[in-house]
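**Q** got a predicted model here, sequence first, then my questions.
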Amino acid sequence: MTKRQTHLKQLEDEGIYIMREVAAQFERPVLLFSGGKDSIVMVHLALKAFYPAKIPFPLMHVDTGHNFDETIAFRDKLVEENNVELIVGSVQESIDKGDVKEETGPDASRNALQTVTLLDTLKKHQVDAALGGGRRDEEKARAKERFFSHRDAFGQWDPKNQRPELWNMYNGLKNQGEHFRVFPISNWTEMDVWQYIAQEEIDIPEIYFAHERKVFNRRGVWLADTDYVNRMEEEELETRTVRFRTIGDATCTGAVLSTASNMEEIIQEVASARQTERGNRHDDKRSETAMEDRKRQGYF
Amino acid sequence: MSKKTSNAQNHEQQDTKYLDMDLLRFTTAGSVDDGKSTLIGRLLYDSKSIFEDQMDAIEKTSKSSGEEGVNLALLTDGLKAEREQKITIDVAYRYFATPKRKFIIADTPGHTQYTRNMVTGASTAELAVVLIDASKGVLTQSRRHAFISSLLQIPHLVVAVNKMDLVDYDEEVFNEIVADFRNFSKKLDIDNITYIPISALKGDNVVSKTRVGKSTNGQKGSEETNFMSWYNGPTLLHHLETVKVDASHNVVDFRFPVQYVIRPNQNFRGFSGRIVSGRIKPGDEITVLPSKLSSKVKEIVTKGENLKEAFPGDSVVLTIEDEIDISRGDMIVRKNNVPKITTHFEAYICWMDDDAMKTGKKYQMMHTTKVTPVFFDEVIYKMNVDTLSSEDADELKLNEIGRVKLTSAQPLFIDAYQVNQRTGSFIVIDPASNVTVGAGMIRASSTESTKNSKLKTQTSPNIVWEPWNIPREEREKRNGHQANVLWFTGISGAGKSTIAKALEKKLWEEGKQTVLLDGDQVRHGLNGDLGFSPEDRTENIRRVGETARLFFEHGNIVLCTFVSPYAEDRERVRDLLPDGKFIEVHVMCDPKTAQERDPKGLYEKAKKGEIKGLTGYDADHETPNSALTIDTDAISVDDAVELLLSKIK
Ligand SMILES: Nc1nc2c(ncn2[C@@H]2O[C@H](COP(=O)(O)OP(=O)(O)O)[C@@H](O)[C@H]2O)c(=O)[nH]1
């Protein structure tokens, strides 16, 4: 008799299958790399999918210019060690060129601007499939997202025009100018990601583990004190033991108070967490449908 | 119980625990307002898969809409908002886990039109939960959901009878619904149905059997109460956690559709893919399709270490001993166990597009890793999903399901969907829009065995079907008439043999080649080893069907008279023969008449209790849907013979 595979093995096999479908069905795919744990897991899966060959497509990082230093250092090491190609799209450049306008005020963030840079970079490199680390458990609006998500020639997601996905057949046929976003880890939850990182002993940036940092509290979210955040006078700086559950733009990624300093402790903490990971995303708090809106514009 | 609480206590245990967790994918279906959203909300909530910020959000919404308590349905309300906005309602996926299992729910909305969504959700599911509102009973829609589950061959079905609180937790109500559903589901191909009475709203039998609340005698208690102590089965969650799902995997037929060729340098050439079914070891002999060249597996490569054996579901890279040209869309199989290679096949299609499916129009199809043009040659019939009867049609509209004939441009490597879901399924793509417009399930062709093949009738994989020495068409030409199989079914004493014998005499006089296969005769010889249990009855009909087919292929008009009470068995015989060549004749009469006739004294014996399970007495005969009916209370033997003669000319 065959042994039934563990859930992590099944999710891994599915992820690898999707990666290979992308390599086979598209001409110029990229793997969107944010520096966060989900995209690190994606790189890990891609390495497995094409072993012993190297990953047959480049990583693409949309750099807001407001990243944690650790993120960039980690990215460069990963690229170096695994001999993959890296494309960087720079939000700063988009601002300099006048394609987008920097937001102002205390909540200013480059998150919304990313979309323009992302679409421009995809276009410039004639990308026809962008692999993303999005998961359906992240947010209600994502629950019905496809593995292969179709985008029109303007990079937009039309909820009315998504293809049904049956069995394990993913239809990547498209017309000129259209492209796909593909989410190989759609079926993973935050817990699965952490368990997988632990099981595979995947290296992740230090800032996921508890460390001391200067932070301040804005509407319940702990933000790191960096050059990029406009801290208001009444927002007092405190030194706290924190870690990050997600890593994105420093202006809108909240830290959690935590003493979890190794993988086991993180898994414990995730298991007993009372907040979704996006609960700490400052950008999602701005509007009820923040995610849905950004998705339509082409952010995801 | 929940991971989150047990966790804190079993610190150490928990760390390694997730390594033995497995995964169950299931789908939920129900009509609008049956309580599906509430049930999913309840499962997520009671298994502690809901976070505070999500809870806060729905508490707020519940309050603002003036509801008392928290409306769990709001946890999954994404689809409802869309319904109002008339956006495509589709499948939404939800996740939760207990220490035993991780669950993926494919949640499909229950609206009448959305057959396509349920088909989509069901295509990846190993279990389906069909909700029935206890206060409404089994509705047309519930039947539709069960039918789709059986069409998609979901191995496990759970019928959750919801809103038991509205019917005072009455055992009778539950039993009636179960009986009703059971009666209907006999017509379907589902082995494993579990019935569970629940209240999604209150929580009874969802995660636990008891809860704090008012007992039925109206006394408010703070004690945990079991409101349905008459029910002895598992709670829904317990069933989901423990149901065995391995058995549905095909571990016999090795199928490996090549996804992508991995070639880092001149010295390495590997073929990547996910094993669809069967297993493989280094050294095993393989054949590559379509080239049919053979070789041996050299290594099963993964990052990490090479494997000694690989199983269904594994994503691996195979290298082989010889240099053979292999590319995406090819398939690696075992040397002596190959799928059917063909460009012509039959399938059930569920149509998913506003533009109807047209015969003669060119579509694309995707089957395993192959994309090729395809034409629909013919719509054989469309299914009326509500009555399960077939209707004439020459196209299929959105949400319609039908049986069709297709021709593909390139040869496909197929198995029947019933035997292998992955090599038996395909999608249809409109070449103008590139949109997925249809889902197909390949039917067993006449040279393959069909239902339950794994148990009894699987043709030995080593035997390749040989074409007939002298084709039937030639024999028919010489005989001057067509070959046919007339299948007389009905209870003992209905008049099957009488009519068949009269018909055979008539045919004989006309100089036609005939064979009469009679139940009693066969049971004395060929099937002397069989009794009357359901399994033996099935096997009896299977052997007779195969025998009838041999005579048929030799140009005879074959008359078969068998009680054959199970529709499924008769369908299997139909499947053995070319379309239209199996003529089912339901010979019937009032049971009283049959008991009076009692030609073999069987009813007499049954009355005395000497035999049990006599069809027409204490066992049912499943009425055929699409048969010719002859009521022997109403027409004479001669008239019946005339009628039948007109059918085979
Ligand atoms: N009394 C009772 N009402 C229920 C139960 N389950 C759901 N409902 C109610 O039935 C209505 C429809 O439920 P909902 O979950 O939205 O149904 P859906 O359309 O199938 O998703 C709501 O008013 C629920 O509160 C139950 O077990 N008992």
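**A** Noted; the coordinates are in hand.

**Q** give me the distance between the two termini of stretch B:123-132.
**A** Taking CA to CA, to the nearest Å, the first and last residues of stretch B:123-132 lie 21 Å apart.

**Q** B:Ile541 and A:Glu201, how far apart?
**A** Look at B:Ile541 and A:Glu201: by CB to CB, to the nearest Å, they are 58 Å apart. C-beta: built from backbone N, CA, C; applies to glycine.

**Q** out of these two, which sits in the more crowded spot?
**A** Higher neighbour count among B:Ile541 and A:Glu201: B:Ile541, with 26 against 7, using other CB atoms under 10 Å in any protein chain shown.

**Q** test my guess that B:Gly424 contacts B:Leu412.
**A** No - when contacts are counted by CB atoms under 8 Å, B:Gly424 is not listed as touching B:Leu412 (10.5 Å).

**Q** right, and the ligand sits closest to which residue of the stretch 351-500 of chain B?
**A** B:Asn399 (18.8 Å; CB to the nearest ligand atom).

**Q** quick check on that residue: phi, psi?
**A** phi 70, psi 10 (degrees, to the nearest 10).

**Q** burial of the closest residue to it other than its chain neighbours, as a residue count?
**A** Among residues not flanking B:Asn399 along the chain, B:Thr115 sits closest, at 4.1 Å (CB to CB, 6 or more residues apart in numbering or on different chains). B:Thr115 is flanked by 22 other residues according to other CB under 10 Å.

**Q** wait, B:Thr115 touches B:Leu396, no?
**A** No - under the criterion of CB under 8 Å, B:Thr115 makes no contact with B:Leu396, lying 11.2 Å away.

**Q** ok, the closest residue to chain A within the stretch 151-300 of chain B - contacts?
**A** Shortest the stretch 151-300 of chain B-to-chain A distance, computed as CB to the nearest CB: residue-wise this is B:Pro264, at 3.8 Å. Neighbour list for B:Pro264: A:52-54 [criterion: CB atoms under 8 Å, 6 or more residues apart in numbering or on different chains].

**Q** which SS class is the nearest residue to B:Asp189 once chain neighbours are set aside?
**A** Counting by CB to CB, 6+ apart, B:Asp189 lies nearest to B:Ser150, which is 4.7 Å off, once chain neighbours are set aside. Here B:Ser150 is recorded as helix under DSSP: H, G, I helix; E, B strand; the rest coil.

**Q** quick check: B:Ser150 touching B:Asn192?
**A** No - look at B:Ser150 against B:Asn192 with CB under 8 Å: they stay out of range, at 11.2 Å.

**Q** these two: which is more packed in?
**A** Set B:Ser150 next to B:Asn192 and count neighbours by other CB under 10 Å: B:Ser150 wins out with 19 against 14.

**Q** who's in contact with that one?
**A** Neighbouring residues of B:Ser150 by CB under 8 Å, 6+ apart: B:185, B:188-190.

**Q** I'd like the distance between it and B:Ile132.
**A** Relative to B:Ile132, B:Ser150 is positioned 16 Å away (CB to CB).

**Q** look up which residues are beta-bridged to residue 256.
**A** Let's take chain A. Beta-bridge pairing of A:Val256 under DSSP bridges involves A:Arg243.

**Q** can you look at chain B instead?
**A** Residues in a beta bridge with B:Phe256, per DSSP bridges, are B:Ile332.
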